[in-house]
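>>> Attaching a predicted model along with its sequence, questions to come.
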Protein chains: 2
Amino acid sequence: MTLQSDLPANSSSEDIAAALRRSILAHRVSPGSRLVEDEVADIFGVGRSIVRMALQSLAHEGLVTMIRNRGALVADPGVREAREVFETRALLEPRTARSAAERATAPAVTRLRHHIEAEHRALQAGDLGQAVYLSGLYHVAIAEMADQTTISAIISTLVSRSSLVVALYWRRPQALCERHAHHALTDAIADGDGTKAEDLMKGHLLDLLANLDLRERQPVGGSLRAVLLRSS
Amino acid sequence: MTLQSDLPANSSSEDIAAALRRSILAHRVSPGSRLVEDEVADIFGVGRSIVRMALQSLAHEGLVTMIRNRGALVADPGVREAREVFETRALLEPRTARSAAERATAPAVTRLRHHIEAEHRALQAGDLGQAVYLSGLYHVAIAEMADQTTISAIISTLVSRSSLVVALYWRRPQALCERHAHHALTDAIADGDGTKAEDLMKGHLLDLLANLDLRERQPVGGSLRAVLLRSS
DNA sequence: TGGCATAGGATTGCTGACAATCTTGACCGG
DNA sequence: CCGGTCAAGATTGTCAGCAATCCTATGCCA
């Protein structure tokens, strides 16, 4: 496991959860990897109880799977969950994009464009994982513009899980569609055109789902033994 | 704090969380009440770590608010959150009801009717809290019929939070509308009429929202001191 | 060789104790 | 009488250690 920790020395469980989350969403640890409590605790320089709390948080978000007496794994969503996550987003995000457009402010739109730029830079630097992570932040930023904390929180976890799904099922290495979709959507929001924003978001999500390769797949990772058994 | 514990002696954190959840949803503990770790631990005969995990679970569900160094309170949603919870349900549940209708099976419909009967009995017994709890289970049962675990889980937490909202903002002591709405909805599902089920669910949720008294309200509960200060 | 039992190591589950923090109530000066 | 300060009690936060559990690998036997 290679987690860059930025050494916050003694940090709270939320700090640890955030650091782990970033690593998972940016695909620096792959789905199915074990997250051993002692190991994580040593990396961040904290006790195991802190790590346990952080892992439980991530488990509630669906980023980590905890199995009793066996520990925590980075979640490894199947095709069914992959589909469900995007279907749920399709129910929530279009309407939310409309609300965001209806109450768009100049600084908020600027923030959206900065998100897109950062994502673009990551792509050009070849860091696909980081780009996916930033792309998720863009969607969360829209949800926050809509000023509905409840929906915003739900979308945030769905976006997180989408990042795992993309790590496992994404078909095309370079997703050029992304950039255009986000640009067009941002323009609609900047114009305050709620209907257009709603439509664009809906199309964008369907597009993402269509670009997944949702064929049944053997669960990846797990123990080394499982990997070797599978390759034989 | 009066929590009936049914004494499962040494139970897991999920058992404790479930017991606490029931007590909260059935309005046996009021929003704003403190949930002291030692106290809960004694009631259920377990250690504090177990209780901590259970409380953290409930916090993630939005039923409990945890404040660092100050402990856990039963959540006390404001009018804004009340509205948002129902708005989110209005986005998710109608479509889910349609799916449920489209794949309805006879035993599942029977289960729905049993839910309604149980709710009815609770109402007649005068246990409004229990009735609200069972009414929530009815909605969750529909979500489960739709066979979408992701949406189902989200709806489940939203329904839980709705129960808190009802405890705080419900306008009319006897909600007769409920029974008719649930009956009609069940009929539509039994007939496999997805469109009708979707419409009925939408109307039902709007109806619920309309029956809330969403005027700004001083936060209830908390410390006794806060209560007394407010009444002066 | 292949299947099965078993010992060893690794990891998690949990408890008790102690430190850190907050609340409460009394005290004191104005 | 009022406001502020401070100590005592209550409660949470964290850690270290031990027990329980599971995985792995070795050895045995057919």
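Structure received.
>>> does chain B sit close to the biggest helix by length in chain A?
Longest helix of chain A, by residue count under DSSP state H: helix A:79-102. Yes: applying C-beta under 8 Å from any C-beta of the partner chain, one finds helix A:79-102 in contact with chain B at A:Glu81, A:Glu84, A:Val85, A:Glu87, A:Thr88, A:Leu91, A:Leu92, A:Arg95. For glycine as for every other residue, the C-beta is placed from the backbone atoms N, C-alpha and C.
>>> where exactly do the helices run in chain A?
With DSSP H as the criterion, chain A has helices spanning A:13-25, A:37-44, A:48-61, A:79-102, A:106-124, A:128-145, A:149-169, A:176-190, A:194-210, A:224-231.
>>> Pipe those helices into TSV and attach mean pLDDT and mean neighbour count per row.
Below are these laid out as TSV (pLDDT from 0 to 100; neighbours: other C-beta atoms under 10 Å in any protein chain shown):
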stretch	mean pLDDT	mean neighbour count
helix A:13-25	95	20
helix A:37-44	95	17
helix A:48-61	97	20
helix A:79-102	97	21
helix A:106-124	94	15
helix A:128-145	94	21
helix A:149-169	96	21
helix A:176-190	87	18
helix A:194-210	96	18
helix A:224-231	39	10
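>>> Those: which one's closest to DNA strand C?
Each of the helices of chain A has some distance to DNA strand C by C-beta to the nearest atom of the strand; the shortest is helix A:37-44, at 3.5 Å.
>>> hmm, that closest one touching DNA strand C?
Yes: Helix A:37-44 lies within reach of DNA strand C by C-beta under 7 Å from any atom of the strand, at A:Glu37, A:Asp38.
>>> Tell me which other helices or strands that helix touches.
Contacting helix A:37-44 under the criterion 3 or more C-beta pairs under 8 Å, 6 or more residues apart in numbering or on different chains; DSSP states H and E are the following elements: helix A:13-25, helix A:48-61.
>>> For A:Ala122, find the nearest of those helices.
helix A:13-25 (12.3 Å; C-beta to C-beta).
>>> Name the residue closest to the centre of chain A, please.
A:Ser160 (2.7 Å; C-alpha atoms, centre = their mean).
>>> who's in contact with it?
A:Arg21, A:Leu25, A:Glu61, A:Gly62, A:Leu63, A:Gly136 (C-beta atoms under 8 Å, 6 or more residues apart in numbering or on different chains).
>>> how about JSON lines for the helices of chain A, with distance to B:Arg48 added?
Formatted as JSON lines, the helices of chain A follow (distance: least, C-beta to C-beta, whole Å):
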{"stretch": "helix A:13-25", "distance to B:Arg48": "16"}
{"stretch": "helix A:37-44", "distance to B:Arg48": "19"}
{"stretch": "helix A:48-61", "distance to B:Arg48": "11"}
{"stretch": "helix A:79-102", "distance to B:Arg48": "34"}
{"stretch": "helix A:106-124", "distance to B:Arg48": "42"}
{"stretch": "helix A:128-145", "distance to B:Arg48": "35"}
{"stretch": "helix A:149-169", "distance to B:Arg48": "28"}
{"stretch": "helix A:176-190", "distance to B:Arg48": "47"}
{"stretch": "helix A:194-210", "distance to B:Arg48": "44"}
{"stretch": "helix A:224-231", "distance to B:Arg48": "36"}
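>>> now what about stretch A:184-197, what contacts it?
Counting by C-beta under 8 Å, 6+ apart, residues outside stretch A:184-197 touching it are A:97-102, A:104, A:109, A:112-113, A:116, A:142, A:145, A:200-201, A:204.
>>> now, among these, which is nearest to DNA strand D?
Nearest to DNA strand D out of these is A:Met145 (C-beta to the nearest atom of the strand; 31.7 Å).
>>> Settle this for me: the closest one is touching A:Ala106, isn't it.
No: in this structure A:Met145 lies outside contact range of A:Ala106 using C-beta atoms under 8 Å: 11.8 Å.
>>> Return the set of residues that bridge with A:Arg34.
A:Leu73 (DSSP bridges).
>>> Can you get me a residue count around it?
For A:Arg34, the neighbour count with other C-beta atoms under 10 Å in any protein chain shown is 15.
>>> any idea how far DNA strand C is from it?
7 Å (C-beta to the nearest atom of the strand, to the nearest Å).
>>> rewinding a little: could you redo the contacts of A:Ser160 as CSV and give each row distance to DNA strand C?
CSV is the format used below for the contacts of A:Ser160 (distance: C-beta to the nearest atom of the strand, whole Å):
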residue, distance to DNA strand C
A:Arg21, 18
A:Leu25, 21
A:Glu61, 18
A:Gly62, 18
A:Leu63, 16
A:Gly136, 27
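>>> Identify the farthest-apart pair in these.
Most distant of the contacts of A:Ser160, by C-beta to C-beta, are A:Gly62 and A:Gly136, 13.6 Å apart.
>>> Verify the stated contact: A:Gly71 with A:Glu37.
Yes: contact criterion C-beta under 8 Å: A:Gly71 and A:Glu37 qualify, at 6.9 Å.
>>> So which bits of chain A are right by DNA strand C?
A:34-38, A:48-49, A:52, A:66, A:68-72.
>>> hmm, 6 Å instead?
Chain A has residues A:Val36, A:Glu37, A:Asp38, A:Arg68, A:Asn69, A:Gly71 near DNA strand C, with proximity defined as C-beta under 6 Å from any atom of the strand.
>>> Report pLDDT for the first one.
What the model reports as pLDDT for A:Val36 is 97.
>>> Quick check: A:Val64 vs A:Leu91, distance?
25 Å (C-beta to C-beta, to the nearest Å).
>>> hang on, I meant A:Ala188
20 Å.
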